[in-house]
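Visitor: Model the following, please.
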Amino acid sequence: MGIVNITPDSFSDGVRCLRTEAAVSHARALAREGADIIDLGAESTRPGATPISWQAEWARLEPVLRILVREMPTMPISIDTYHPETAERALCLGAAILNCVYAKSVPAMLELAGKTRCGLVLPASYIFDSRQSTAAAPSAPNPQSSILNLQSQILVDPMIGFGTTREEDVALLGGIRRMAQKMPVLVGVSRKRIVGTLTGVEDPHDRLGGSVGAAVWCATNGASVVRVHDVKETVQALKVVDALAKGGVA
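Guide: Alright, predicted model coming up:
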């Protein structure tokens, strides 16, 4: 999954893809480099980021999504959002996956997934912690029953770096294999704080080696999808690991 951040305040991309033309160009490049999914996000979820309205988010997303679904009809487009209004509009326009990072929005996203049969990425804690599920939507139908009904559409994300400590991130990464035995897993570690903590590299842009190493770890421990900034390098590393696992036969 290749990342396209259409934001002015991403922790690693800055304003790189804020303009529609730049975002589309970057998505094309990621596709050429081997991305199987393009993930569009128009609101930063980094720690301390200022929330924006769904209208502002959609204004950034719509022109990029409209071009990509026309130019890449077979490429699954994922929308990184917690706004149901944005999610619904994106699905109508041709998006295939909703990538929801906040538990409070999960019931609405489950409803959209049930209507459209889209793919859905949910926080792992929502799936495996019933107390959080109940607190998220006390008056809604039991979300666990919806999850069971839609299980074939769902991936879980351990949410590395979302209010977690170094020790918690390490534990989450160490538990991927166990998690993947229960449900398909998507992991995003690319350029994140944990990579800097483990390597001593401060600048997110200088964390390529560590990010690729983390992606390979996740993939070889059962993750179905790795969400990355550096697609070309990650794909290359995964091809080598896969070929060696098969005895050197690519």
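Visitor: Can you point out the buried residues in stretch 40-60?
Guide: 40-46, 52, 54, 57-58, 60 (16 or more other C-beta atoms under 10 Å). Where you see a C-beta, it was placed from the backbone N, CA and C, and this is true even at glycine.
Visitor: And the next helix or strand past the helix or strand of the chain with the lowest mean pLDDT?
Guide: Using mean pLDDT, DSSP states H and E, helix 130-136 stands out as the lowest-scoring helix or strand of the chain, at a mean of 38. Per DSSP states H and E, the first helix or strand lying C-terminal to helix 130-136 is helix 143-149.
Visitor: Quick one: distance of the helix ranked longest in the chain to the chain centre.
Guide: Secondary structure of the chain read by DSSP state H shows that its longest helix is helix 54-71. Here helix 54-71 is found 17 Å from its chain centre; the criterion is C-alpha atoms, centre = their mean, to the nearest Å.
Visitor: quick one: the strands in the chain?
Guide: Assigned by DSSP state E, the chain shows strands spanning 2-5, 38-41, 77-80, 97-99, 119-123, 154-157, 186-187, 225-226.
Visitor: Mind listing the strands the fourth one pairs with, and their directions?
Guide: Note on strand 97-99: by DSSP bridges, its sheet partners are strand 77-80 (parallel), strand 119-123 (parallel).
Visitor: can you list the strands of the chain in CSV and add distance to G209 and mean pLDDT?
Guide: Formatted as CSV, the strands of the chain follow (distance: least, C-beta to C-beta, whole Å; pLDDT from 0 to 100):
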stretch, distance to G209, mean pLDDT
strand 2-5, 18, 96
strand 38-41, 22, 97
strand 77-80, 25, 98
strand 97-99, 26, 98
strand 119-123, 26, 96
strand 154-157, 23, 96
strand 186-187, 17, 98
strand 225-226, 15, 98
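Visitor: closest to L30 out of these?
Guide: Of all the strands of the chain, strand 2-5 sits nearest to L30, with 3.3 Å by C-beta to C-beta.
Visitor: So what touches the closest one?
Guide: Around strand 2-5, the neighbours that count as contacts under C-beta atoms under 8 Å, 6 or more residues apart in numbering are 12-13, 16-17, 23, 26-27, 30-31, 33, 35, 37-41, 44, 64, 188, 190, 227-229, 231.
Visitor: and G163, how many residues sit next to it?
Guide: Here the number of neighbours of G163 (other C-beta atoms under 10 Å) works out to 7.
Visitor: same thing with M75?
Guide: M75 has 18 nearby residues by other C-beta under 10 Å.
Visitor: Likewise for V212?
Guide: V212 has 22 neighbours, counted by other C-beta under 10 Å.
Visitor: counting contacts, what elements does the longest helix of the chain pack onto?
Guide: helix 20-33, strand 38-41, strand 77-80, helix 84-93 (3 or more C-beta pairs under 8 Å, 6 or more residues apart in numbering; DSSP states H and E).
Visitor: pLDDT of that helix, averaged?
Guide: Summarised as a single mean, pLDDT over helix 54-71 is 97.
Visitor: Contacts made by that helix with the rest, please.
Guide: For helix 54-71, with C-beta under 8 Å, 6+ apart as the criterion, the contacting residues are 4, 6-7, 18, 20, 23-24, 27-28, 38, 40, 42-43, 75, 77, 79, 81, 83-86, 89-90, 93-95.
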